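Q: Next come a sequence and a model predicted from it.
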Amino acid sequence: MKRGLCPGTFDPLTSGHLDIIERASGLLDELVVAVALSPDKGGGPLFAIDERVSIIREATSHLANVSVAPFDTLLVDFAHEVGATAIIKGLRAVTDFEREFQMAQLNYRLDSRIETMFIMAIPEYMYLSSSAVKEIARHGGSVSGLVPAVAENALRQRFDRPR
């Protein structure tokens, strides 16, 4: 059984995240979307951990081999906890690679049995980030197509924007 982790803050889940999750789920028997608590990331997350988990569960409900779980430990420790042997990361650009390469090397040092695998974002989502989506939504812009419908609705409610 090949089980992998797809970790992130997912604040909010974007269409790019969902694309990586869908593609990774096709490569593995099981995929755990690992939602990081990340309280110190840029003033704290917009959505609480339980909200992010719920959004991702709904957005991935069509993927039978995907589960979603929060974590607040070292990623390698969480991989041990869920029995994962691979960490799946999406890459948009060279700047993502530099950061993710460093993290992959640190994770390898912590446990060389856990492989990090990179999946390149498709061109349609190369520019997309949760930060950009939040900025657009905060100022009343449309995020349709940038995020799954469940995340779009959550953003609309968070920023009190009528449909």
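A: Sure, I can see it.
Q: Name the surrounding residues that touch the lengthiest helix in the chain.
A: If you go by DSSP state H, the chain has its longest helix at helix 94-110. Helix 94-110 has contacts (CB atoms under 8 Å, 6 or more residues apart in numbering) with 74-76, 87, 89-91, 114, 116, 118. Using the backbone N, CA and C atoms, a C-beta is placed for each residue, glycine as well.
Q: Please compute how far that helix lies from its chain's middle.
A: 16 Å (CA atoms, centre = their mean, to the nearest Å).
Q: Show me what secondary structure element comes after it.
A: Using DSSP states H and E, the helix or strand that follows helix 94-110 in sequence is strand 115-120.
Q: Please state the offset of that following strand from the chain centre?
A: 13 Å.
Q: next SSE after that strand?
A: Strand 115-120 is succeeded, C-terminally, by helix 130-138 (DSSP H and E).
Q: hey, which helix or strand in this protein has the poorest pLDDT?
A: helix 94-110 (a mean of 93; mean pLDDT, DSSP states H and E).
Q: hmm, back to that, which of the contacts of helix 94-110 has the largest number of neighbours?
A: Counting neighbours by other CB atoms under 10 Å, I87 leads the contacts of helix 94-110 with 24 neighbours.
Q: part of a helix, is that one?
A: No: per DSSP: H, G, I helix; E, B strand; the rest coil, I87 lies outside any helix segment and is strand.
Q: Not counting residues beside it along the chain, what's closest to it?
A: Leaving aside its chain neighbours, I87 sits nearest to T116 (4.6 Å; criterion: CB to CB, 6 or more residues apart in numbering).
Q: Do I have it right that that neighbour meets K89?
A: Yes: under the criterion of CB atoms under 8 Å, T116 makes contact with K89 at 6.4 Å.
Q: what about D96, distance to Q102?
A: 11 Å (CB to CB, to the nearest Å).
Q: More neighbours: the two, which one.
A: D96 (17 against 10).
Q: and the gap between that one and K89?
A: Taken as CB to CB, the span from D96 to K89 is 8 Å.
Q: again with G141
A: G141 is 28 Å from K89, by CB to CB.
Q: Check I114 too.
A: I114 is 12 Å from K89, by CB to CB.
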